[in-house]
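Peer 1: next comes the sequence, and after it the predicted model I'd like to discuss.
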Amino acid sequence: MRVATIVLLLLVSACDGAQREQVASAKIDGAAEEAQNAVLTANAAKDGAMIARDATRLERFYTDDYLLIDDDAALHDKQDQVRFMTQNVELLRARSDDVKVTMLAPEAALVTGRLTGRYRMGGRESDFTERYTGVWLRQDGRWRVKHEHGSLVPSAE
């Protein structure tokens, strides 16, 4: 009888442990999904700040040590990127799609996507499609871009 009771207690304990693992896993999955949604929201808001040419808003989306590698392999820091997006080019429209967020850690995410739109620069207008990757970090409760790489998709013309 004593052995049966011990075996029964061990079985109940094992089931309870498995249930705790399922609950913990569900909490982790829920936290990851919440983080992914927050990154998607931040990415869309960054697109909006670029279209608005709002330097103050745009600066908030980049870490202080932000680095961009652009089409011609040139490197640009935070100040270069904000200046370019607010003074050199005017996005007439732009929209990200095919955006995927991969959580690398609770505070880090890899974002890939496609940005399509139209811009004006130097008095000329042109359509564009760009594929991009970005490394986003959560700093002080906000998601910010630390690194980006963008490549223009060749036009079908």
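Peer 2: Yep, it's here. Residues are numbered from 1 along each chain as shown.
Peer 1: residue 92 against residue 126, yeah?
Peer 2: No - look at residue 92 against residue 126 with CB atoms under 8 Å: they stay out of range, at 9.7 Å. (Glycine included, C-beta is placed from N, CA and C.)
Peer 1: what is in contact with the two at once?
Peer 2: 118, 119 (CB atoms under 8 Å, 6 or more residues apart in numbering).
Peer 1: next secondary structure after the lowest-mean-pLDDT helix or strand in the chain?
Peer 2: Every helix and strand of the chain was ranked by mean pLDDT, DSSP states H and E. The lowest is helix 2-52, at a mean of 68. Counting by DSSP states H and E, the next helix or strand C-terminal to helix 2-52 is helix 55-60.
Peer 1: how far off centre is that next one?
Peer 2: The chain centroid and the centroid of helix 55-60 are separated by 16 Å under CA atoms, centre = their mean, to the nearest Å.
Peer 1: switch to numbering from 48
Peer 2: Done: numbering now begins at 48, and the last item shifts to helix 102-107.
Peer 1: so which elements touch it?
Peer 2: Here helix 102-107 touches helix 49-99, helix 125-130, going by 3 or more CB pairs under 8 Å, 6 or more residues apart in numbering; DSSP states H and E.
Peer 1: tell me which residues of it are tucked away?
Peer 2: Residues 104, 105, 106 are the ones in helix 102-107 that count as buried (16 or more other CB atoms under 10 Å).
Peer 1: now render those residues as CSV, adding pLDDT and distance to residue 190.
Peer 2: CSV is the format used below for the buried residues of helix 102-107 (pLDDT from 0 to 100; distance: CB to CB, whole Å):
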residue, pLDDT, distance to residue 190
104, 96, 14
105, 96, 14
106, 96, 14
